[in-house]
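S.K.: sequence and predicted structure, then a few things I'm wondering about:
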Amino acid sequence: MESSAFTSSRLTCLKLQLPTTCSPQQTEPIFVKGIWFSSHFSLSITDGRDAWICDASEDDVRERATQWDQPVSEYVELAESYLGFQKPSSVYGFSDAGNGHRRLACFFTLVP
């Protein structure tokens, strides 16, 4: 029998406009599909030419939540709120992840 963490999920689809590397005044779209569970999530990202996936396992999410001093459920909710819905006050972009890989980054300020 499957755990409820695997059977209950939410889906999001987001179109983000990111600054281009050549001209920060110009933007190009990327699309982010999220599948959100209570203790893990999966992202599929594409710019129409390339595609990336992120499968954040329960262990990955627990480790990151611990780094942020948050319960796992709050960390997943926070990730979903910024990667499932564009926040006008946040800055999105790709950063170098080493070895020719890129990482989608979101910069924001947490308000207590």
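M.R.: Perfect, thanks for sending it.

S.K.: surely residue 106 is in a strand?
M.R.: Yes - the assignment for residue 106 is a strand, going by DSSP: H, G, I helix; E, B strand; the rest coil.

S.K.: how about the contacts made by residue 80?
M.R.: Going by Cβ atoms under 8 Å, 6 or more residues apart in numbering, residue 80 touches 10, 12, 34, 36, 41. Every C-beta, even on glycine, is put in place using the N, C-alpha and C of the backbone.

S.K.: let's see it at 6 Å
M.R.: By Cβ atoms under 6 Å, 6 or more residues apart in numbering, the contact set of residue 80 is residue 36.

S.K.: pull the helix or strand containing it out as PDB, backbone CA atoms only.
M.R.: Assigned by DSSP states H and E, residue 80 falls within helix 72-83. Below are the C-alpha coordinates for helix 72-83, written out as PDB (Å, rounded to 0.1, in the frame of the first residue of the first chain):
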ATOM      1  CA  VAL A  72      10.000  19.900   6.300                       C
ATOM      2  CA  SER A  73       6.400  20.800   5.500                       C
ATOM      3  CA  GLU A  74       7.100  24.600   5.800                       C
ATOM      4  CA  TYR A  75      10.200  24.200   3.600                       C
ATOM      5  CA  VAL A  76       8.100  22.400   0.900                       C
ATOM      6  CA  GLU A  77       5.400  25.100   1.100                       C
ATOM      7  CA  LEU A  78       8.000  27.900   0.800                       C
ATOM      8  CA  ALA A  79       9.700  26.200  -2.200                       C
ATOM      9  CA  GLU A  80       6.200  25.700  -3.800                       C
ATOM     10  CA  SER A  81       5.300  29.400  -3.200                       C
ATOM     11  CA  TYR A  82       8.400  30.600  -5.000                       C
ATOM     12  CA  LEU A  83       8.900  27.900  -7.700                       C
END
